[in-house]
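Peer 1: below are the sequence and a predicted model for it; my questions follow.
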Amino acid sequence: MKGTLSRLKSRSTHRTPPDGPAGVHRTCLIAFMRSRAAVAALLAGAVTLSCGSSTQPHGAGPAAKVAFTVQPSNATAGAGIAPAVAIQDASGNTVTSATNAVTVALGANLAGGALSGTTTVDAVNGVATFPGLSINTAGSGYTLVASSGTLTSATSAAFTIAPAAAAKLAFAGRPSDATAGVALAPAIAVAIQDAFGNALPNATNAVTVAIATNPGGGTLSGTNTVNAANGVASFTGLSINKAGSGYTLVASSGALTGTTSATFTITPAAAAKLVFTLQPPTFAERAQPIVPALTVAIQDGFSNTVTSSTDAVTLALGTNPGGGTLSGTTTVNPSAGIATFPDLSIDQSGSGYALVAASGTLTSATSAPFGIRFVFAGVSVGGYYTCGVTTGGAAFCWGSNVSGQVGDGTTMTRLTPVPVSGGLAFTKVSVGLFHTCGVATSGAAYCWGDNSRGQLGDGTMTDRLTPVPVSGSLTFTTVSTGDQHTCGVTTSGAAYCWGLDDAGQLGASSSELCSRPGETVGPCSTAPIAVSGGLAFVGVSAGDYHTCGVTTSGAAYCWGYNANGQLGDGTTTTRLSPVPVSGGLTFAAVSAGFAHTCGVTTGGGAYCWGDNSDGGLGDGTTTARLSPVPVSGGLTFATLSAGTGYTCGVTTGGTADCWGGNTAGALGDGTVTSRLSPVPVSGGLTFAAVNAASWSFHTCGVTTSGAAFCWGENADGELGDGTMATRLSPVRVAL
């Protein structure tokens, strides 16, 4: 207290009147000290103590102005500047009784900063203090302006705000769009800043940039870690090699908060080369368009497609192992930098073909090697010959051709596949004893070969060396050829048959008689007649002298010759119209063989009935069955095919199994031993379907990749491998 009094004395003005009491000065000081705010103001220089009759602090005049009693201090961004403002009378005395609200605001603000904190404060004992004020932007020459109602305002002394500590990174501008492989220009710049975005000119931190969003899968090349100079890291020579829109970069530096750039685009460089973007398949179908269509891209040196290029691209045969000819549109102008070739084909089989793409001075491209072969959707076997339909709908046949059943316009035996004449596109073909029929993609049925009993259905008994349409203008979903008769199902589900009818195999009465000179007259129909009963079928199968089918409800019906119980109705009585197969099973499909029948239920169960002298029913016996019995082994089948005393099927797992007579290796297990229950076909192939022959002893199947394999008897080239050698295991049909 004594120290305070001493300081107060030094600041007071001694104007005690000569005639005043000697103790008045001391009394004035003691009275003044009773107000702590007044003491603080006096110590701060805000007031002058006068002791006399008219100059005491409590006698200050009315409030007239405001004045900074504590000037804002120099500080860093975001730190307090803590000014104080007094309310004074006209003489500069603090009006200690004043409680006016005082507001401070930025005056000079060359850096564009923002003032934060409580900017309006009520005065206490005539003084307003602002402890929480701060400014966010670094700069020099800041001032504050204090105001309070109508009082004269005050402007502070100038002060400086310096940057705070380094806290984050910021890209200086948006990266410019650029060309692949060309340096980004102008150079990428990253600033080191405090938390308020103020640059730190003295910062030298190491900064690293990398690709953040990478729409083109590009690689950032160049020096991507740089020490900042004057607070900015500059990256010259950075480039990205892959075209794409929407790239962004990310910058990082130790514990500083990283930053991501605005988006930018990398465009392709100049066209430099050609590239096959869609290669030929491993194998393409002979004389059919290569699918999917081949595509060739015009690219820059970084493998970006130059979408603006329209330079014509030409394809030609490079390696040509089969001596084939490339047909179709071989020169194409690209769209968006891609040339598409939708109709290319090669007419000769072979392995190791390659195509070469060329376009002016651009670097050419050579395709991956590929093969041309028959890619089959299905095959059918019959009397010493075989036919198949490719995935493109072309029909090919091979083997015996005594009646023109191969359909190539000759009667020459063929050891390898030859195309069926006429250029028709088929969905399926079916092989009989000496005649063949198929369903065209239009739904029309065509037949060719032996027609001695009207089995071609063209209204004549004239053999045909090439396909002729079945009369009646019916639209079929499927046809099936037997010994000398044919049956089919129309799109409405009606079953029709034509040809020989000496055992009721047509399932309908016909008054027509068919014979040729020197032959016995027999009942027949040279044109399709509807199977009696009005049943709706999903499929039929013609055997030797009997026919079976499955209705839309899954019921199996058979008709025709039944001496061995092949109709499955529990009798050996020949039937002239459909009778239900006994047992009440629900079938997905049935297959009529030479003298027995088999079917697959909707659950994949295999059942057979009829002749079993060679074990063709697969029930482990050689006992004939007049109604369905399950095939032993518990296998689950997708398809079955009944042949001449033997049967083959494909399981749901794609394995082929056969059973029954094994003459000439028809079972394909590498032996000629007959089997009373299923044995797997050797070779480990995965099949989509197999077909067992009635009237001969060979079998063929199509793998899931479309390759055709055959095995068994081959005296007439029916295996299609270019020889007449019997095969006990599958051999591939020649390309």
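Peer 2: Looks like it came in fine. Here the structure is a predicted model, which is why all the values come from computation and not from measurement.

Peer 1: quick check: phi and psi at Leu640.
Peer 2: phi -140, psi 150 (degrees, to the nearest 10).

Peer 1: look up the closest residue to it, ignoring the ones flanking it.
Peer 2: Nearest residue to Leu640, sequence neighbours excluded (Cβ to Cβ, 6 or more residues apart in numbering): Gly649, at 4.2 Å. To be clear about C-beta, it is placed using only N, CA and C from the backbone, and glycine gets the same treatment.

Peer 1: which strand or helix spans the one you found?
Peer 2: strand 646-651 (DSSP states H and E).

Peer 1: so for that strand, what's the average pLDDT?
Peer 2: Average pLDDT, strand 646-651: 98.

Peer 1: what angle separates the following helix or strand past it from strand 646-651?
Peer 2: Using DSSP H and E, the helix or strand that follows strand 646-651 towards the C-terminus is strand 656-660. If you take axes from the mean of the first three to the mean of the last three Cα atoms, to 10 degrees, strand 656-660 sits at 160 degrees to strand 646-651.

Peer 1: what's the helix or strand just after strand 656-660 packed up against?
Peer 2: Proceeding N to C from strand 656-660, the next assigned helix or strand is strand 675-680, under DSSP H and E. Strand 675-680 sits against strand 656-660, with contacts defined as 3 or more Cβ pairs under 8 Å, 6 or more residues apart in numbering; DSSP states H and E.

Peer 1: and the strand it packs on, what does it pack against?
Peer 2: Judged by 3+ Cβ pairs under 8 Å, 6+ apart, the packing partners of strand 656-660 are strand 646-651, strand 675-680, strand 687-692.

Peer 1: the second one versus strand 656-660: what angle between them?
Peer 2: Computed with the same axes, to 10 degrees, the direction of strand 675-680 lies at 170 degrees from that of strand 656-660.

Peer 1: show me what secondary structure element comes after the host helix or strand of Ala589.
Peer 2: Using DSSP H and E, Ala589 maps to strand 587-592. Later in the chain than strand 587-592, the nearest helix or strand by DSSP H and E is strand 596-601.

Peer 1: what strands line up against that following strand, and which way round?
Peer 2: Strand 596-601 has the following strand partners under DSSP bridges: strand 587-592 (antiparallel), strand 606-610 (antiparallel).

Peer 1: show me this structure divided up by domain.
Peer 2: As given by automatic domain parsing, the domain ranges for the chain are 2-59, 63-162, 166-267, 273-370, 376-732.

Peer 1: what's the most buried one of these?
Peer 2: domain 376-732 (a mean of 22; mean count of other Cβ atoms under 10 Å).

Peer 1: gap between Ala105 and Phe196?
Peer 2: Ala105 is 19 Å from Phe196, where distance means Cβ to Cβ, to the nearest Å.

Peer 1: do the same with Ser421
Peer 2: Look at Ser421 and Phe196: by Cβ to Cβ, they are 88 Å apart.

Peer 1: let's check: the centremost residue of the chain is which one?
Peer 2: Leu278 (15.3 Å; Cα atoms, centre = their mean).

Peer 1: who's that residue bridged to?
Peer 2: Thr295.

Peer 1: for it, give me its contacts.
Peer 2: Leu278 makes contacts with Pro292, Ala293, Leu294, Thr295, as judged by Cβ atoms under 8 Å, 6 or more residues apart in numbering.

Peer 1: now tabulate those residues in a markdown table and tack on distance to Val145.
Peer 2: Formatted as a markdown table, those follow (distance: Cβ to Cβ, whole Å):
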| residue | distance to Val145 |
| --- | --- |
| Pro292 | 77 |
| Ala293 | 77 |
| Leu294 | 78 |
| Thr295 | 72 |
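
Peer 1: now render the residues you listed as TSV, adding distance to Ser582 and pLDDT.
Peer 2: Converted to TSV, the contacts of Leu278 look like this (distance: Cβ to Cβ, whole Å; pLDDT from 0 to 100):
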residue	distance to Ser582	pLDDT
Pro292	49	94
Ala293	53	96
Leu294	56	97
Thr295	58	98
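
Peer 1: could you export the strands paired with strand 596-601 as TSV, including distance to Ala128?
Peer 2: Putting the strands paired with strand 596-601 into TSV (distance: least, Cβ to Cβ, whole Å) gives the following:
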stretch	distance to Ala128
strand 587-592	97
strand 606-610	102
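
Peer 1: list the beta-bridge partners for the spatially closest residue to Ser510 that is not a sequence neighbour.
Peer 2: Among residues not flanking Ser510 along the chain, Ser525 sits closest, at 4.2 Å (Cβ to Cβ, 6+ apart). Ser525 has these beta-bridge partners by DSSP bridges: Gly499.

Peer 1: gap between Ser525 and Phe476?
Peer 2: Counting by Cβ to Cβ - Ser525 and Phe476 are separated by 16 Å.

Peer 1: same thing with Thr305?
Peer 2: From Thr305 to Phe476 the distance is 47 Å (Cβ to Cβ).

Peer 1: and Asn564, by the same measure?
Peer 2: 29 Å.

Peer 1: so which residues of the protein form helices?
Peer 2: Using DSSP state H, the helices of the chain run over 2-11, 24-33, 36-43.

Peer 1: sorry, back to before: which of the helices and strands packed on strand 656-660 sits closest to Ala98?
Peer 2: strand 687-692 (102.3 Å; Cβ to Cβ).

Peer 1: now find how far off-centre that closest one is within its chain.
Peer 2: Once both centres are worked out by Cα atoms, centre = their mean, to the nearest Å, strand 687-692 turns out to sit 32 Å from its chain's centre.

Peer 1: check which helices and strands it sits against.
Peer 2: Using 3+ Cβ pairs under 8 Å, 6+ apart, the elements in contact with strand 687-692 are strand 376-381, strand 637-642, strand 646-651, strand 656-660, strand 698-703.

Peer 1: what comes into contact with the fourth one?
Peer 2: The set of residues that contact strand 656-660 without belonging to it, under Cβ under 8 Å, 6+ apart, is 614-618, 631, 633, 635, 643, 645-651, 666-669, 674-681, 685, 687, 690, 692, 699, 701.

Peer 1: go on, the second one?
Peer 2: With contact meaning Cβ under 8 Å, 6+ apart, strand 637-642 is reached by 543, 589, 591-594, 596-600, 604-606, 608, 616, 647-652, 689-692, 694.

Peer 1: with adjacent residues omitted, what lies nearest to Ser641?
Peer 2: Ala692 (4.4 Å).
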